[in-house]
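A.B. asks: Give the three-dimensional model of this entry:
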Amino acid sequence: MAHIVKILDLLSLTHDVKQFKVEKPEGYSFIPGQATEVAINKEGWKQEKRPFTFTSLPEDDHLEFVIKSYRDHDGVTNHLDGVIPGDELIIDDSWGAIQYKGKGVFIAGGAGVTPFIAILKDLKSKGELEGNKLFFANKTRKDVILESYFHEILGEDFVSILDKEKLDGHEHGRIDMEFLKKHLVDFSQEFYVCGPPPMIESVSTNLKQLGANPEGITFEE
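C.D. replies: All right, here's what the predicted structure looks like:
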């Protein structure tokens, strides 16, 4: 079922990522980690639906999305980059594959971190965050979404890795076999992987080779 919701507020998180705060339809529900199809309620864009993950909590009185704009082509995210509070979005019901199944390691590439934002926020609000880790891969520091928030809630359990920059406080390279061996001892825990398909594939393969149970790896593209 489609719902028309007003944009209440916008916040820039990085040079190409914004947080959208929008109205929440009455009775609307979702589980942290889930997503919905979103379209812009403007002529020519109403049928152009794209999936975005909720980054708010189910009990919040509004809905929130964290959306990266791809400004190099004339698509939905590029147009979302130009909307203002008061404009409307069309959202469907919630769906999604990534749900929390127990303590483990969240491995994200770029905008793939979005399903994990709501899950980690939810765990923090319940006092159940301890024992979970986040490994977050980006090209450069300016691409890291919510870096200070993750440091604040996870402390040592948050590891940022940059592929194109060498900086203090960040590892350099990719989330490869060497990185996983360095940071993990226990491969029997849950793993949650989200990012570009090639990254998901290589991380999942490496985890299995290191002894992770394939059933314990949850991923979403």
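A.B. asks: Show me the domain layout of the chain.
C.D. replies: Following automatic domain parsing, one gets these domains for the chain: 3-91, 104-220.
A.B. asks: looking at the protein, which helix or strand is least sure?
C.D. replies: strand 217-220 (a mean of 83; mean pLDDT, DSSP states H and E).
A.B. asks: What is that one packed up against?
C.D. replies: Judged by 3 or more C-beta pairs under 8 Å, 6 or more residues apart in numbering; DSSP states H and E, strand 217-220 is in contact with strand 190-194, helix 197-209. Placement of C-beta: from N, CA and C, glycine included.
A.B. asks: What's the local residue count around Val17?
C.D. replies: Neighbour count for Val17, taken as other C-beta atoms under 10 Å: 22.
A.B. asks: Specify the local secondary structure of the spatially most central residue of the chain.
C.D. replies: With distances taken as C-alpha atoms, centre = their mean, the residue of the chain nearest its centroid is Thr114 (1.2 Å). Classification of Thr114 using DSSP: H, G, I helix; E, B strand; the rest coil returns helix.
A.B. asks: try Phe135
C.D. replies: Put simply, Phe135 is strand when judged by three-state DSSP.
A.B. asks: neighbours of it, just the number please.
C.D. replies: When neighbours are defined as other C-beta under 10 Å, Phe135 has 23 of them.
A.B. asks: got it, and Trp45?
C.D. replies: By the criterion of other C-beta under 10 Å, Trp45 has 15 neighbours.
A.B. asks: ok, it touching Val76?
C.D. replies: Yes. In this structure Trp45 lies within contact range of Val76 using C-beta atoms under 8 Å: 7.1 Å.
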